[in-house]
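> for reference, the sequence and a predicted model appear below.
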Amino acid sequence: MKRQNVRTLALIICTFTYLLVGAAVFDALESKQETTEKTKLDDRKAVLMNKYNLSSGNFDELEAVVLQLKPHKAGVQWQFAGSFYFAITVITTIGYGHAAPSTDGGKVFCMFYALLGIPLTLVMFQSLGERINTLVKYLLHRIKKCLGMRRADVSMANMVTIGFFSCISTLCIGAAAFSRYEEWSFFHAYYYCFITLTTIGFGDYVALQKDNALQTNPKYVAFSFIYILTGLTVIGAFLNLVHRALLSRNGQASNIRCVPDPPSSSGGTSRGLRNVYAEVLHFQSMCSCLWYKSREKLQYSIPMIIPRDLSTSDTCVEQGDASPGRFPDPRSNGCVCNLQQRSAISSVSTGLHSLSTFRGLMKRRSSV
């Protein structure tokens, strides 16, 4: 079985195991409390029915009216401020459930609005997260240089650590603000911020639903909107870092040991072309010696610079001994995967200059 299939199967098993563990823990923590509350509510219902001489049908009707009045308890929800709040919960997939369209036209528009808005929002937050990570990396690099540290490079561990503490700080700031305005405890406000910024959105705690805040407290409304969007950006930046770290580790684990091709009759030119092919592939994969086991993949990958005679190779791209800028290691197996060996075209800034070695190929292929 291939390594990718084994990894996928392991992830599926781990996910379902995690679900089973979560179900068991929630069952142990919540089931007894649920039974106790249900018993208390039934007793309270019986007392009210006897006190006001209500039949079971009358009580059910009264209960339905109370449930319908619940969304209106916080004030008008569908003026511009409330509609903007609802639109945020839609495109960010928070979905509190405190308000929902009641007309058929509103439901149809909500579906189409979410269909376009959700991917647009995800792309926006991902792009913002990348820009924030780039800025933080630059600032951290400058700080290290100003402090005179020997190694001013910013590692992925540094970025993930900063992202983690940024998330904690964002949650604490929001918890302090909402605990004051909503009169929640700090723990419950922190819980609300976490559920909101992770887009879980249970709806058991919803801001801006007290004392007609959507119409009477514009400053608090603006703060809530800005905090939700900013917090989602910070969380998105952190998740982007974690995703990159996992991809980097996965790419390192997936590197394969390549066997060099046997000496080719075409000599140094063929080896030079193989080096060009390997370096171009380096920009598309974590491993610069990515091989293709079929003739078609090699033939159609980069047809402008790779001739057909190279597509017969079923192994790895061989390191060119005569290629300028390379320093062969006697312990190397000839594979350009060796991270200690970097060619002159291993980066974008120098890649174009290194192609001057193969002017003959460029004359033959005028399109290059």
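That came in fine, so what should we check first?
> grab the nearest non-local neighbour of residue 120.
residue 91 (7.2 Å; Cβ to Cβ, 6 or more residues apart in numbering). Heads up, the C-betas are built off the backbone N, CA and C, glycines and all.
> likewise for residue 195?
residue 202 (5.6 Å).
> go on, residue 183?
residue 210 (7.9 Å).
> swap in residue 167?
residue 238 (5.2 Å).
> now do residue 207
residue 224 (5.3 Å).
> rewinding a little: surely the residue nearest to residue 195 is within a strand?
No: going by DSSP: H, G, I helix; E, B strand; the rest coil, the assignment for residue 202 is coil, not a strand.
> wait, doesn't it sit right on residue 194?
No: counting by Cβ atoms under 8 Å, residue 202 does not reach residue 194; the two are 10.7 Å apart.
> tell me the pLDDT at residue 192?
Residue 192 is assigned 97 on the pLDDT scale.
> again with residue 215
88.
> dump the residue contacts of residue 73.
residue 209 (Cβ atoms under 8 Å, 6 or more residues apart in numbering).
> the residue nearest to residue 183 sits in which helix or strand?
Using DSSP states H and E, residue 210 sits within no helix or strand.
> where's it relative to residue 61, distance?
Computed with Cβ to Cβ, to the nearest Å, the distance linking residue 210 and residue 61 is 28 Å.
> tell me what the helix or strand that contains residue 111 is packed against?
Residue 111 is part of helix 104-146 when elements are defined by DSSP H and E. For helix 104-146, the elements it packs on are helix 80-91, helix 156-181, helix 218-253, judged by 3 or more Cβ pairs under 8 Å, 6 or more residues apart in numbering; DSSP states H and E.
> now with 6 Å?
Counting contacts by 3 or more Cβ pairs under 6 Å, 6 or more residues apart in numbering; DSSP states H and E, helix 104-146 packs against helix 80-91, helix 218-253.
> JSON lines for those, including mean neighbour count and distance to residue 140?
Shown next, in JSON lines, are these (neighbours: other Cβ atoms under 10 Å; distance: least, Cβ to Cβ, whole Å):
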{"stretch": "helix 80-91", "mean neighbour count": "17", "distance to residue 140": "31"}
{"stretch": "helix 218-253", "mean neighbour count": "16", "distance to residue 140": "13"}
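> and the closest residue to residue 153 other than its chain neighbours, how many neighbours?
Of all residues not flanking residue 153 in the chain, residue 141 sits nearest, at 7.4 Å (Cβ to Cβ, 6+ apart). Residues lying near residue 141 (other Cβ atoms under 10 Å) number 14.
> just to revisit the earlier point, confidence score at the residue nearest to residue 195?
Reading off the model, residue 202 has pLDDT 94.
> quick check on residue 76: phi, psi?
phi -70, psi 130 (degrees, to the nearest 10).
> and what of residue 208?
phi 60, psi 30.
> now do it against residue 78, distance only.
For residue 208, the distance to residue 78 - Cβ to Cβ - is 13 Å.
> list the buried ones in stretch 175-194?
Residues of stretch 175-194 classed as buried by neighbour count (16 or more other Cβ atoms under 10 Å): 175, 177-179, 181-182, 184, 188-194.
> and the two most separated of the residues you listed?
Within the buried residues of stretch 175-194, two members stand farthest from each other by Cβ to Cβ: 181 and 194, at 17.4 Å.
> sorry, back to before: just checking, the residue nearest to residue 167 touches residue 163?
Yes: between residue 238 and residue 163 there is a contact at 3.8 Å, judged by Cβ atoms under 6 Å.
> hmm, back to that, what's the spacing between the residue nearest to residue 167 and residue 189?
Taking Cβ to Cβ, one finds residue 238 at 20 Å from residue 189.
> kindly report the same for residue 152.
39 Å.
> what do you get for residue 28?
26 Å.
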